[in-house]
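A.B. asks: Fold the following for me, if possible:
(chains A and B)
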Amino acid sequence: MPIYSGARILIESLLRENVEVVFGYPGGKVIPLYDELYDAPIKHILVRHEQGAAHAADGYARSTGKVGVCIATSGPGATNLVTGIATAYMDSIPLVAFTGQAPTNLIGTDSFQEIDIRGITLPITKHNYMVTNVKDLARIIKEAFYIARTGRPGPVLMDLPVDVLKAKADFIYPEKVNLPGYQPTYEGNYMQIKLAAEEINNSKKPIIFAGGGVINSNASQELTELAVKGKIPVVTSLMGIGAFPEDNELSLKMLGMHGTKYANYAISEADLIIGVGVRFDDRVTGKLETFAPNSKIVHIDIDPAEINKNVKVDIPIVGNAKDVLKKLVPLIKTIERKEWLKKIREWKNNYPLTYEINEDNIKPQYFIETLNKYCNEDRIVVTEVGQNQMWAAQFFEYHKPRTFITSGGLGTMGYGLPASMGVQIANPGKTVIMIAGDGSFQMNVQELATISNNKLPIKMIILNNGTLGMVRQWQELFFDERYSATMLENPDFVKLGEAYGIKSMRISKLNEVEVSIKQMLNHNGPVLLEVAIPLEENVFPMVPEGASIKEILEPKNKVIRKEIQGEIA
Amino acid sequence: MRHILSVTVNNQPAVLARISGLFSRRNFNITSLNVGETESPEYSRMTIVVEGNKDTLEQVKKQLYKLIDVIKITELNQANMIERDMAIIKVNCGKKLRNQVIQVVDVFRGKVVDFSPESISVEITGDENKINAFIEIMKDFGIRDIVRTGIVAMDREINNKVVLNS
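C.D. replies: Numbers count the residues shown, from 1 in each chain, chains lettered A, B, ... in the order given. Model (predicted):
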């Protein structure tokens, strides 16, 4: 039995968890750990801000399904991780964060760079630890990884006092975890599954509502089988994008505030909603009292607390989406559902996603559509948050899970750029496209250095409208066009990119779009492409916050807009 | 509606913070919360009194179960549980009234725990109603100070038919 320091135990444990890469930023309290990393066969990516480390680890996790790992020092290092941890928490992403801490004998004395990071992250972690005895370290790491990746995945934080990293102990990596209070249910109750199958077979207008849980549990194939066999149309949440191929005729793309009109109509008219790995977020349901009024709801989720939390469920099935769907599919009859599918086709034909194109400028929707045309299947889109994110969700087509990486639940501006680093590192052979707005891009712009240093061939697109577009849009529609603090005076993004040694381009004319996209995709390294888009372009369709999801705003109907505004105000 | 939960948790630092944090961030209303070690020092038992309707209670239980440190949750049935609250009450009481106070204390099976020329301190245990009733009576004498533990509760052992009167 070898005797190792805490830092060495940590490294050895990471190796046993098959960790290949960690994202971090050193500091005083984690020097012993970095000293061990120096010789370890684990890749360390030095970010420029700890928030970048957390988002990068999160992107790595989302695109692979593996646990992402990040490291920060005590105090400010640890607090800088907080937004990244919260982002992962809201979207159920497996992440393990290590933070340095003051030595145990100084804890509680407000010593230098000491902060109660465990206390701070209690509400945004699935679980967290402070390791006060080196003898517990290996066991706790084992538990942390197990908790992060099993059940409903989520972030786990481990706070490591520096003396624990230096202290020595026998190294035994446990084979099993012993957590009597943590027994996630994977297998759905078969009686409930049978009941659900009956409901599906008896329903005339069923619809599948697929969420991030389908992607997390790698259940896309089973979900597709269910839809195709039962001839059931599919809508997804933002997190569920990619769970079902969008070129399938049963796909209605995204639902909710900026979802397609036909998805919102279809779910409103359905007689049965089969929710899989979704939490019925308010961005999707709109006003709850008017959500799918004539529908029964089957809800499949690994987290019992999601059942009946936001909507009343008729048939709850607690379990892993993959396991449950595997049992459900054989019980489903193929029913033609001609009328229902015809109606849906009509909606799709009558209310497609549209925008006006003109010669004077580049519409972001046009740019994204064109980009989609030139990208092969081996690409992953990462977005920032705001209008850019919604356009990327609407006008790009996603056919595979883990190809659309975005901060859903928390809506974290500054997520996309660092997340794309994790995605690119996890997928060296794929084209990683990062779509940003000028506002969100600047929230973690320092990571350009990390991208440049590591020669990560990320294609970075800044849809530049010189404004915080989504907030501006709300101000236009709901706050009498009072544009308070939403106009940005931006730097020269091309010069900025070049300062980091990154190939950078700017386009502002329609005829430059295709050329620049080809150039960007053909370039062998990172590219920054700034696309000037019109300031006043809004994301439509749009359901105002608090309205029913059938009350959909479109560009032209300012009158209706005012009416709805009055109603919800 | 009042619900009483008996929750077995790991006896570790930060567990109380996890539980109370959960209640505040989900906007659940706790009436009282008590913790103490169980027969096995690995675990503590909490008696949590929650206000809320059926849906709130369901969420409270499910969210509690999500915490890794929560081992078991039992919702106690008001008809089949042993429930105790304890209070220490300091009452204004000169020599003249002393006998009168002690009489009431005896009726309520309380215990006098401290005397001074001007006051008397009494310990009383029982269910919430009994304590409330006692406090009402003591108000006539003038209460100087009250400290209450909140409820601790446990299931009755019905299976073995050992049901004692409280």
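
A.B. asks: just so I have it, where are all the helices in chain B?
C.D. replies: Taking DSSP state H as the test, the helices found in chain B are B:15-25, B:54-66, B:95-107, B:128-139.

A.B. asks: who touches the first one?
C.D. replies: Spelled out, it's helix B:15-25. With CB atoms under 8 Å, 6 or more residues apart in numbering or on different chains as the test, helix B:15-25 has contacts from A:119, A:122-123, B:7, B:9, B:28-30, B:33, B:35, B:44, B:46, B:48, B:60, B:63-64, B:67, B:69-70. All C-beta spots, glycine's among them, are computed from the backbone N, C-alpha and C.

A.B. asks: And stretch A:388-401, by the same measure?
C.D. replies: With CB under 8 Å, 6+ apart as the test, stretch A:388-401 has contacts from A:214-215, A:218, A:220, A:238, A:241-243, A:245-247, A:253-254, A:258, A:260, A:353, A:364-365, A:368-369, A:371-372, A:377, A:381, A:383, A:404, A:406, A:435-437, A:440, A:463, A:469-470, A:539.

A.B. asks: roughly how far apart are the nearest residue to A:I215 once chain neighbours are set aside and chain B?
C.D. replies: Nearest residue to A:I215, sequence neighbours excluded (CB to CB, 6 or more residues apart in numbering or on different chains): A:P401, at 4.4 Å. Between A:P401 and chain B the computed distance is 25 Å (CB to the nearest CB, to the nearest Å).

A.B. asks: Can you pull the residues of chain A lying near chain B?
C.D. replies: Within chain A, the positions near chain B by CB under 8 Å from any CB of the partner chain are A:118-119, A:122-123, A:126-127, A:130, A:147, A:179-182, A:303-305, A:307-309.

A.B. asks: So among these, which ones count as buried?
C.D. replies: Among those, those scoring as buried are A:118, A:122, A:126-127, A:130, A:147, A:179, A:181-182, A:303-305, A:307-309 (criterion: 16 or more other CB atoms under 10 Å in any protein chain shown).

A.B. asks: Just the residues you listed: which are in helices?
C.D. replies: Those of those lying in helices (DSSP H): A:118, A:147.

A.B. asks: ok, back up a step: where does the residue nearest to A:I215 land in three-state SS?
C.D. replies: Of the three states, A:P401 takes coil under DSSP: H, G, I helix; E, B strand; the rest coil.

A.B. asks: Now do the contacts for A:G188.
C.D. replies: A:300, A:317-320, A:323-324, A:327.

A.B. asks: which residue packs closest to it, ignoring adjacent ones?
C.D. replies: A:G319 is the one closest to A:G188 (CB to CB, 6+ apart), at 3.2 Å.

A.B. asks: Just confirm the one you found contacts A:P304, I think it does.
C.D. replies: No - checked against CB atoms under 8 Å, the pair A:G319 and A:P304 is beyond contact range at 9.8 Å.

A.B. asks: Give me the common contacts of these two.
C.D. replies: Joint contacts of A:G319 and A:P304 (CB under 8 Å, 6+ apart) are A:T185.

A.B. asks: Next one, pLDDT for B:G110 please.
C.D. replies: Looking at B:G110, its pLDDT is 96.

A.B. asks: Once you drop chain neighbours, what's closest to it?
C.D. replies: B:I124 is the one closest to B:G110 (CB to CB, 6+ apart), at 3.9 Å.

A.B. asks: Wasn't A:E225 part of a helix?
C.D. replies: Yes - A:E225: assigned to a helix according to three-state DSSP.

A.B. asks: Skipping adjacent residues, who's closest to it in space?
C.D. replies: A:V329 (5.0 Å).

A.B. asks: where in the chain is pLDDT low?
C.D. replies: Just so you know, I chose chain A. A:556-569 (pLDDT under 70).

A.B. asks: let's do chain B instead
C.D. replies: Applying pLDDT under 70 to chain B flags residues B:159-166.

A.B. asks: what does it put close to chain A?
C.D. replies: So chain B meets chain A at B:9-10, B:13-14, B:17-18, B:21-22, B:25, B:55, B:58-59, B:62-63, B:65-72 (CB under 8 Å from any CB).

A.B. asks: switch to 7 Å and redo it
C.D. replies: Counting by CB under 7 Å from any CB of the partner chain, chain B comes close to chain A at B:10, B:14, B:17-18, B:21, B:25, B:58-59, B:62-63, B:66, B:68-71.

A.B. asks: which among these end up buried?
C.D. replies: B:10, B:14, B:18, B:58-59, B:62-63, B:66, B:68-71.

A.B. asks: Going by proximity to chain B, name the top residue of chain A.
C.D. replies: A:A305 (3.7 Å; CB to the nearest CB).

A.B. asks: Let me see the ranges of the strands in chain B.
C.D. replies: Taking DSSP state E as the test, the strands found in chain B are B:2-10, B:29-37, B:43-51, B:70-76, B:81-92, B:111-115, B:119-126, B:143-148, B:152-155.

A.B. asks: which other helices and strands contact the helix or strand containing A:M470?
C.D. replies: Per DSSP states H and E: A:M470 is located in helix A:469-478. Packing partners of helix A:469-478 (3 or more CB pairs under 7 Å, 6 or more residues apart in numbering or on different chains; DSSP states H and E): helix A:387-395.

A.B. asks: Let me know the angle separating the helix it packs on from helix A:469-478.
C.D. replies: Orientation check (axes from the mean of the first three to the mean of the last three CA atoms, to 10 degrees): helix A:387-395 against helix A:469-478 gives 90 degrees.

A.B. asks: Direction included, what does the next helix or strand after helix A:387-395 pair up with?
C.D. replies: Downstream of helix A:387-395, the next assigned helix or strand under DSSP H and E is strand A:404-405. In the sheet, strand A:404-405 lines up against strand A:379-383 (parallel) (DSSP bridges).

A.B. asks: Just the CA coordinates for the strand it pairs with, please, in PDB.
C.D. replies: The C-alpha atoms that make up strand A:379-383 are tabulated as PDB, following Å, rounded to 0.1, in the frame of the first residue of the first chain:
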ATOM      1  CA  ARG A 379     -20.000  19.900 -36.000                       C
ATOM      2  CA  ILE A 380     -21.100  21.100 -32.600                       C
ATOM      3  CA  VAL A 381     -22.700  24.400 -32.000                       C
ATOM      4  CA  VAL A 382     -22.000  26.200 -28.700                       C
ATOM      5  CA  THR A 383     -23.900  29.400 -28.000                       C
END
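
A.B. asks: Next, give phi and psi for A:A532.
C.D. replies: Note on A:A532: backbone dihedrals following degrees, to the nearest 10 are phi -80, psi 120.

A.B. asks: Give me the neighbour count for the closest residue to A:N372 other than its chain neighbours.
C.D. replies: Taking CB to CB, 6+ apart, and ignoring the residues beside it in sequence, A:N372 has A:F396 as its nearest neighbour in space, at 4.8 Å. Counted with other CB atoms under 10 Å in any protein chain shown, the neighbours of A:F396 add up to 21.

A.B. asks: re earlier: quick one: which of the contacts of A:G188 sit in strands?
C.D. replies: A:300, A:317-318.
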